[in-house]
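> What follows is a protein structure lacking sequence information:
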DNA sequence: TGGTGAGCGGTTGCATGCTACTCATGGGGA
DNA sequence: TCCCCATGAGTAGCATGCAACCGCTCACCA
C-alpha cells in the first residue's frame, strides 16, 4: 500500500480512494478477515477520513468489505456459498452474452480477440499468475462487450472482481491452467467459425470449470470442508437455462 | 417528500436517507431529468449534507442518479436502450432461477406464493397501480428467493427498481394487465405441477411481455421514436440461452 | 451591435470537531 | 476465587467550516 499516493488528476478523491482500496483487496494487500480502520487507511493514503469512509461504503455495496459499526471495517472472507452464488450467476449470464457477441462481432473484433488471447498465452508462458488472470478478464470482458449490453458487461466485471479476492492463489495450478487454456482455444475456434451456439457452450464449459477448480481449491485449503456439496450446487441453476 | 422524517431507529442515517431517496425516485416524487442539490435535500430531510451526500453516491452506483460535479444531482432519465439492457439481463436470469425455485420449493412455499399472488389480484381489482406493481415484485422476488441464491435475488431487486422509475405510468393499461395476469396464472399452475421447465418458460414469457409493453409504452410517449428497433433487441440475448 | 471576460450565486468536495457507541480490561466486592 | 461493573481507548457517524469549481449573467469594450 506504500505505492498508494492519490494522484492529482481530475478524478475525485473518493473515486481514486475507492479504486485503490479495491485494488489493495484484489491484489491481496488487504487480507480477508483482517480489521482496518478508516482513520488508519486515511493516514496511510494521506487523505482525510471522509473520502475513505465514502469509498468504504461503496465497496461495502459491492460486497468487498463489511463496515462494522463503531468497530472498523473488515475485508469480507467470501464463503464458499457466496462463491458458488456468484458463479451460478456468471454461468447463466455469460454464455448467451458471448453467443450474441459472436454474432455481432466484426472481423476487426475477431482480430482483437486473438490479440487478447495471445496476451493470455504470453502471461501464462511466463508463469505470471496475476497477469494471466488480468489478461483472462480482459479477454472475456471484451467478448461480452460485443453483445452491446454495457450494464451486463459491468455487472460481470464486478462479479469477477469479487472472486478475485479468493482466486489468486488457488487457480493457477499447472494442470488446470492447461484445461482452461484448452477451453479458451475452443471459444476462439467457435468464434472464428461464427458458431454462436458453440461459443455459448464453450463459454459455459469454461466458466463452469473455473468455478469447480476454485471451489475444489478453496475447500482443499480449508480443513473439514467437503467440496462435494458445493460442486453439485454449481450447475443447479444453469441446467434450467431455457 | 413531506412525510420524510428520518425515523429514530437503530439504522444509520445514511442508510435511512438512501432508502428514502430511492423511494422518492421510484414513487415519482423526485422526477427524472430534474435537478436537485444535496443541500436542499438535506434541509428537507432535516439532516446534514454528509449522509445525503453518501446516500447519493450509493444511488449513483445503483444507476438511479447522476452526480454532476459542483452542479448538483440529477435523477437519471433512463433511456430506452438502458431499459432494454436491463430486461435482457432479467430475461436471462429469472427463468433458470425460477425453475430452480420450483424444484426447491416446499409445500409451504407454494402456499405463500399463492397468498402473494392473491395480493396482486386484490390490488389489481382495486385498480391500485402502485400497489399492484409492489405486489408483483414481491411475488417474483419470493419465487426467485427459493432458488437459494441471495445475490441473484438482490441483483434482480435492483434491476426491477431501476425500471420502476419509468414503469409507473406505462404498465398498468387495461388489456396488458390482463395478459400479465394470465402469465402469472400460468407460472402458478406450472409451479403447482412442479414442472420446472414450464415455470422457466412462463417466467420468460412474462418478463419478455413486460419488457415489450414497457418499450412500446415509453416509445409511444416519446414522439419521433420507433419502438421497432428496441423490441427486436429484447430477445437478442435470451435466444442464445444454452 | 456583437463578443468577451469578470463577478456572482450556488454547488460539491474535502477536512475536521464532536458525540455516542463498542469492546476490552482491570479493580473491587461478594 | 469468581463475577460484575466502571472506566478508558478506539472507532464510526454526523455536523459543519471552508475552498475550489461550475455555469450564468451582465457590463464593458471593440
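Right, received. Where do you want to start? Nothing here was measured: the structure is a model prediction, and the numbers come from that model.
> Which element, helix or strand, includes the residue most central in space within chain A?
Against the mean C-alpha coordinate of chain A, by Cα atoms, centre = their mean, the closest residue is residue A:160 at 2.0 Å. Secondary structure assignment for residue A:160, by DSSP states H and E: helix A:150-170.
> so what secondary structure elements neighbour that helix?
Counting contacts by 3 or more Cβ pairs under 8 Å, 6 or more residues apart in numbering or on different chains; DSSP states H and E, helix A:150-170 is packed against helix A:13-26, helix A:49-62, helix A:80-104, helix A:129-145, helix A:196-221, helix B:80-104. All C-beta spots, glycine's among them, are computed from the backbone N, C-alpha and C.
> quick one, domains of chain A?
A:13-75, A:80-238 (automatic domain parsing).
> Quickly, which of the ones you listed bottoms out on average pLDDT?
The stretch with the lowest mean pLDDT among the domains of chain A is domain A:80-238, at a mean of 88.
> Report the beta-bridge partner residues of residue A:66.
residue A:74 (DSSP bridges).
> That one against residue A:76, yeah?
Yes - counting by Cβ atoms under 8 Å, residue A:66 touches residue A:76, with 5.5 Å between them.
> Who has more neighbours out of those two?
residue A:76 (19 against 15; other Cβ atoms under 10 Å in any protein chain shown).
> ok so, going back, now what about whichever helix or strand comes after the helix holding residue A:160, what contacts it?
As assigned by DSSP H and E, the chain's next helix or strand after helix A:150-170 is helix A:174-192. By Cβ atoms under 8 Å, 6 or more residues apart in numbering or on different chains, the list of residues contacting helix A:174-192 from outside reads A:98, A:102, A:105, A:110, A:113-114, A:117, A:120-121, A:124, A:132, A:136, A:139, A:143, A:171, A:196, A:198-199, A:201-203, A:205-206, A:209-210, A:213.
> Give the buried residues for helix A:174-192.
A:176, A:177, A:180, A:181, A:183, A:184, A:186, A:187, A:188, A:190, A:191 (16 or more other Cβ atoms under 10 Å in any protein chain shown).
> what does stretch A:203-216 give?
By neighbour count on 16+ other Cβ under 10 Å, the buried set for stretch A:203-216 is A:203-208, A:210-216.
> do stretch A:152-163 as well
Of the residues in stretch A:152-163, A:152, A:153, A:155, A:156, A:159, A:160, A:161, A:162, A:163 count as buried by neighbour count, 16+ other Cβ under 10 Å.
> any idea how far the fourth one is from residue B:32?
From residue A:156 over to residue B:32 the distance is 27 Å, taken as Cβ to Cβ, to the nearest Å.
> Then the first one?
Distance, residue A:152 to residue B:32, by Cβ to Cβ: 22 Å.
> Please identify the nearest residue in space to the residue nearest to the centre of chain A, excluding sequence neighbours.
In this structure, residue A:160 finds its nearest non-sequential neighbour in residue A:137, 5.7 Å apart by Cβ to Cβ, 6 or more residues apart in numbering or on different chains.
> give me the number of residues near the one you found?
Residues lying near residue A:137 (other Cβ under 10 Å) number 17.
> Check the spacing between it and residue A:213 real quick.
16 Å.
> Within range of DNA strand C, give me the residues from chain A.
With Cβ under 7 Å from any atom of the strand as the criterion, chain A meets DNA strand C at residues A:12, A:13, A:14, A:47, A:48, A:49, A:50, A:51, A:69, A:70, A:71.
> Quick check: the last one vs residue A:36, distance?
As for residue A:71, its distance to residue A:36 is 11 Å (criterion: Cβ to Cβ).
> for the first one, same thing?
To residue A:36, residue A:12 is 21 Å away according to Cβ to Cβ.
> do the second one as well
In this structure, residue A:13 and residue A:36 are separated by 18 Å, where distance is defined by Cβ to Cβ.
> returning to that earlier point: any idea how far residue A:145 is from the residue nearest to residue A:160?
The spacing between residue A:137 and residue A:145, counted by Cβ to Cβ, is 12 Å.
> before we move on, the earlier item: can I have the buried ones of the contacts of helix A:174-192 as a PyMOL selection?
Here is the PyMOL command that selects the buried residues among the contacts of helix A:174-192 (16+ other Cβ under 10 Å):
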select buried, chain A and resi 98+102+105+110+113+117+120+124+132+136+139+143+171+196+198+199+201+202+203+205+206+210+213
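> three-state assignment of the residue of chain A most remote from its centre?
Computed with Cα atoms, centre = their mean, the residue of chain A farthest from its C-alpha average is residue A:70, at 30.4 Å. Counting by DSSP: H, G, I helix; E, B strand; the rest coil, the backbone at residue A:70 sits in coil.
> give me phi/psi at it?
phi 60, psi 20 (degrees, to the nearest 10).
> That one and DNA strand D: what is the separation?
In this view, residue A:70 and DNA strand D are 4 Å apart by Cβ to the nearest atom of the strand, to the nearest Å.
> Brilliant, that's me finished.
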